[in-house]
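J.: Below is the structure, and that's it, no one-letter string:
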């Protein structure tokens, strides 16, 4: 990580914040144009890179200053042998070089929602990268919560079989405010976002690859809830459609205001770009109206029988 990054370790009831890098850049209160890239990632890394590049360029043509791609931007693969044959370590990674050069060429903050990075442990990190307009890697984040679920109809996922969980959420400074980095299934763990908001996040990034089944049931309500309960903008680029491996993803990339309003939404079927202008000042406006971040209180959990006995005594 570089200047302007913090790593956060959530330890049960507490939060440990580690400072990394140099002093934070000066903020601007000007509106920020966000572009989200919705993809239907396949098995061919080179094609996926080309598709992502075209969509990123479209977002920039529409004025985006910060562009986010979805989870697993560069490869969607479930067969173990094919997966490990395609992923590479971070050092010398051609995809990272491509995205770095693209951020520098276009002069944007480019947030690659995630891509597989081969680790020395023999597993893969589901890793996000944030590139500055100079092409430098400003932040990295490894997805923390592994999607190990058995859905109705025999749909099954065991992300932990091939991927190694991260152990820290990350804050990164943009010119418009502080960005909290997470990925997909992390969405279902609200304490993560509470910790990010209390540590200073204005924007919550949740690039995703939701299944069609879970997305139809929970996507909108969870995204809006994370925005509302923390008074943050939510930025969630998504995978969409039927992929080469046969999996279907939900799409509906979202930009949500701190008050829970959907500012922009993609469809659920195809690659596309959505953009919206967001005003950083709306974060403080929402938090002033409902200052719940200031109202957290410590509490204990007690059995009803114990409470009654205490009252009786």
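T.: Looks like it arrived, so ask away. Here the structure is a predicted model, which is why all the values come from computation and not from measurement. Numbering: from 1, shown residues only.

J.: So which residues of the stretch 1-150 of the chain form helices?
T.: For the stretch 1-150 of the chain, helices defined by DSSP state H, counting those that start in this stretch occupy the ranges 45-61, 80-86, 94-106.

J.: I'd like a version of those in a markdown table, one that adds mean pLDDT and distance to residue 182 as further columns.
T.: (Glycine included, C-beta is placed from N, CA and C.) Compiled in a markdown table, the helices of the stretch 1-150 of the chain are given as follows (pLDDT from 0 to 100; distance: least, Cβ to Cβ, whole Å):
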| stretch | mean pLDDT | distance to residue 182 |
| --- | --- | --- |
| helix 45-61 | 98 | 20 |
| helix 80-86 | 95 | 22 |
| helix 94-106 | 98 | 19 |
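
J.: Could you point out which of those helices sits nearest residue 269?
T.: Of all the helices of the stretch 1-150 of the chain, it is helix 45-61 that lies closest to residue 269, at 15.1 Å by Cβ to Cβ.

J.: Just the buried positions in that closest one, please.
T.: Within helix 45-61, the residues scored as buried using 16 or more other Cβ atoms under 10 Å are 45, 48, 49, 51, 52, 53, 55, 56, 57, 58, 59, 60.

J.: And the contacts of that helix?
T.: The contact list for helix 45-61, computed with Cβ atoms under 8 Å, 6 or more residues apart in numbering, reads 35-39, 41-42, 67, 69, 73-75, 86, 95, 98, 102, 106, 108, 110, 271-273, 275.

J.: Would you agree residue 27 is in contact with residue 175?
T.: Yes - taking Cβ atoms under 8 Å as the definition, residue 27 is a contact partner of residue 175 at 6.4 Å.

J.: For the helices of the stretch 1-150 of the chain, could you give me JSON lines that also reports distance to residue 117?
T.: Shown next, in JSON lines, are the helices of the stretch 1-150 of the chain (distance: least, Cβ to Cβ, whole Å):
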{"stretch": "helix 45-61", "distance to residue 117": "13"}
{"stretch": "helix 80-86", "distance to residue 117": "12"}
{"stretch": "helix 94-106", "distance to residue 117": "9"}
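
J.: so which of the ones you listed gets nearest residue 259?
T.: If you check each of the helices of the stretch 1-150 of the chain against residue 259 by Cβ to Cβ, helix 45-61 wins as the nearest, at 24.4 Å.

J.: on that earlier part again, most widely separated two among the buried residues of helix 45-61?
T.: Pairwise distances across the buried residues of helix 45-61 (Cβ to Cβ) peak at 22.3 Å, for the pair 45 and 60.

J.: picking that back up, of the buried residues of helix 45-61, which is the nearest to residue 238?
T.: Nearest to residue 238 among those is residue 55, at 12.5 Å by Cβ to Cβ.

J.: and the gap between the closest one and residue 228?
T.: With distances taken as Cβ to Cβ, to the nearest Å, residue 55 is found 29 Å from residue 228.

J.: What of residue 90?
T.: According to Cβ to Cβ, residue 90 stands 36 Å off from residue 228.

J.: Looking at these two, which has the bigger crowd around it?
T.: Just comparing residue 90 and residue 228: by other Cβ atoms under 10 Å the higher neighbour count belongs to residue 228, 19 against 16.

J.: what's the burial count for the closest residue to residue 151 other than its chain neighbours?
T.: With Cβ to Cβ, 6 or more residues apart in numbering as the criterion, residue 151 has its nearest non-adjacent residue at 5.6 Å, and that residue is residue 213. Residues near residue 213, counting by other Cβ under 10 Å, number 14.

J.: my read: residue 213 touches residue 150, true?
T.: No - using Cβ under 8 Å, residue 213 makes no contact with residue 150, being 11.6 Å away.

J.: And residue 45, how far from residue 142?
T.: 20 Å.

J.: got it, and residue 200?
T.: 21 Å.

J.: cool, residue 136 as well?
T.: Look at residue 136 and residue 142: by Cβ to Cβ, they are 19 Å apart.

J.: out of these two, which sits in the busier spot?
T.: The neighbour comparison of residue 136 against residue 142 (other Cβ under 10 Å) goes to residue 142, with 22 against 13.

J.: how about residue 274, what does it touch?
T.: Contacts of residue 274 by Cβ under 8 Å, 6+ apart are 35, 36, 38, 253, 255, 264, 265, 266.

J.: Mind pulling up the pLDDT for the fourth one?
T.: Among the per-residue scores, residue 253 shows a pLDDT of 98.
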